[in-house]
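Asker: Let's see this in three dimensions:
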Amino acid sequence: MATATDPLSEQDTLVLAGRIGWAWKELRRGAAMGILRDHLFGQGEDALEPGQFDTLDLLVRQEAWRMSDLADALRVDPSTATRAVQRLLKEGLAERRSSVDDGRVVMVTASPAGRLRHAAIEERRKDVMITMVTEFESGERRQLADLMERLVAALDHYAADLEPGAEAEAER
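Answerer: Have a look, this model is predicted:
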């Protein structure tokens, strides 16, 4: 497992992978995340789930979306995107309309209330991120951003290899 560019032993790599896995779990499910989720997305019946906010986040970035394109952008099954949109529609945060190009096609867009809700959450999220990164020195902040982006890319690469048909595609 160790190479000329990676002098870590297999055991050291295993320990570090375990530490990263634990941190990942804590980021997703730790006690602080519940408090942070409530702070960002609200509490009770009015609270948005993180996945619903991800959907709203995309809706405000483009005038209108076809459901299939929205599902692709969210990297989820179309039925999952539909459920997220249904909740946003019910809450008045999204709207449906016919496509200007093809009246048979239904498009979904953020409503004015959805845009306001998104802006408020984005402002709180920005404040949280700025507060968190100030715990690091400036060089560490850059390094953290670079490493987080590389981690996401590595995860995407790994997941692409797990997709059905990926092995056959790789053999071509």
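Asker: Backbone torsions only: list them for the most centrally placed residue in the chain.
Answerer: Closest residue to the average C-alpha location of the chain: Asp54 at 6.0 Å, with C-alpha atoms, centre = their mean. Asp54 adopts backbone torsions of phi -60, psi -40, taken as degrees, to the nearest 10.
Asker: Next, the contact list for it, please.
Answerer: Residues in contact with Asp54 (C-beta atoms under 8 Å, 6 or more residues apart in numbering) are Leu74, Ala84. All C-beta atoms are positioned from the backbone trio N, CA, C, and that covers glycine.
Asker: Check the one 3 residues further on too.
Answerer: With C-beta under 8 Å, 6+ apart as the criterion, the residues that contact Asp57 are His118.
Asker: and it, how far is that from Ile130?
Answerer: Distance, Asp57 to Ile130, by C-beta to C-beta, to the nearest Å: 18 Å.
Asker: Looks to me like Leu27 is in a helix.
Answerer: Yes: assignment of Leu27 by DSSP: H, G, I helix; E, B strand; the rest coil places it within a helix.
Asker: Run through the helices of the chain in chain order.
Answerer: Secondary structure of the chain (DSSP state H): helices at 10-29, 31-41, 50-61, 67-74, 78-90, 112-133, 138-162, 166-171.
Asker: Between helix 31-41 and the first one, find me the angle.
Answerer: Angle of helix 10-29 versus helix 31-41, following axes from the mean of the first three to the mean of the last three C-alpha atoms, to 10 degrees, is 40 degrees.
Asker: Same question for the fourth one.
Answerer: Relative orientation of helix 67-74 and helix 31-41, computed by the same axes, to 10 degrees: 140 degrees.
Asker: do the same with the longest one
Answerer: Going by the same axes, to 10 degrees, helix 138-162 is angled at 90 degrees with respect to helix 31-41.
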